[in-house]
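Peer 1: Fold the following.
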Amino acid sequence: MPISTYIAIIRRHWPLVVAPAVIAGVISLGLALLEPPRYRSSASLLITRSEDRRFDTEDALAYDLPAIVQGAPFSAEVSSALALTGVSLPPDQVRASLGASNQRRVVQIWAETGDPGLSEALTTTAVALIQRRGLALWGDPAATPDRPLVNVVVLEPPGPATRTNGWTAAAVTALLRGLAGLLAGALLAFGAHYRATARTLPLREGGG
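Peer 2: Predicted structure coming up:
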């Protein structure tokens, strides 16, 4: 079927094409603007071994760190460290706020909450804890604060928290969902066209 035929179908059924896109975009934008503000602070770390220089070992440490950061024991330690600074945050809330990912030996850690100051405090505390505890976080009993057995180089220190669900993010999400709605509307238009064609074919054959 030539492209011109598809264009003609879309033009003929344009309300069916546009409606899902408008509905999806408006609902997405409305829901996003109703959400409470969320703020994220992040840091980037380079993880290397202080004694064992094998790259595969270092990669394994960085690979494991995101799971450690998001684990219950680490969250409990961060909660206790925050309490010493006068910030009260239960371990389960710490765990829900912290996140991490890695790319080879570089690990990015972030904290996302409704309070920018709390996000920054969480990220800063998490980084300091990793530096202080070292391989003890991986279960090595030989690691101590004076001899952590792992080098943690802060490539990007915890920065000021930025809002993650502001107008820009809401507009981008609404646009993407609107495009998805546009595609769904085009499929509905083609379906309506083929159903109408299928109904007329028996009539034409019978009339012939």
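Peer 1: packing partners for whichever strand or helix holds V153?
Peer 2: Using DSSP states H and E, V153 sits within strand 150-156. Helices and strands touching strand 150-156, by 3 or more Cβ pairs under 8 Å, 6 or more residues apart in numbering; DSSP states H and E, are strand 39-49, helix 116-133. C-beta: built from backbone N, CA, C; applies to glycine.
Peer 1: what domains does the record give for the protein?
Peer 2: The record's domain split for the chain, according to automatic domain parsing, is 3-35+166-207, 39-163.
Peer 1: Pick the most buried one from those.
Peer 2: domain 39-163 (a mean of 17; mean count of other Cβ atoms under 10 Å).
Peer 1: any idea how far that domain is from the chain center?
Peer 2: 18 Å (Cα atoms, centre = their mean, to the nearest Å).
Peer 1: so what's the spatially most central residue of the chain up against?
Peer 2: In the chain, the centroid-proximal residue (Cα atoms, centre = their mean) is G99; its distance is 9.3 Å. Contacts for G99 (Cβ atoms under 8 Å, 6 or more residues apart in numbering) come out as P66, V69, Q70, I109, W110, A111, E112.
Peer 1: That one belongs to a helix, doesn't it?
Peer 2: No. G99 is assigned strand when assessed by DSSP: H, G, I helix; E, B strand; the rest coil, not a helix.
Peer 1: gap between it and E35?
Peer 2: Here the criterion is Cβ to Cβ, to the nearest Å. By it, G99 lies 18 Å from E35.
Peer 1: can you check A100 too?
Peer 2: To E35, A100 is 23 Å away according to Cβ to Cβ.
Peer 1: what's the answer for S101, then?
Peer 2: Taking Cβ to Cβ, one finds S101 at 23 Å from E35.
Peer 1: Equivalent analysis for L84, please.
Peer 2: 32 Å.
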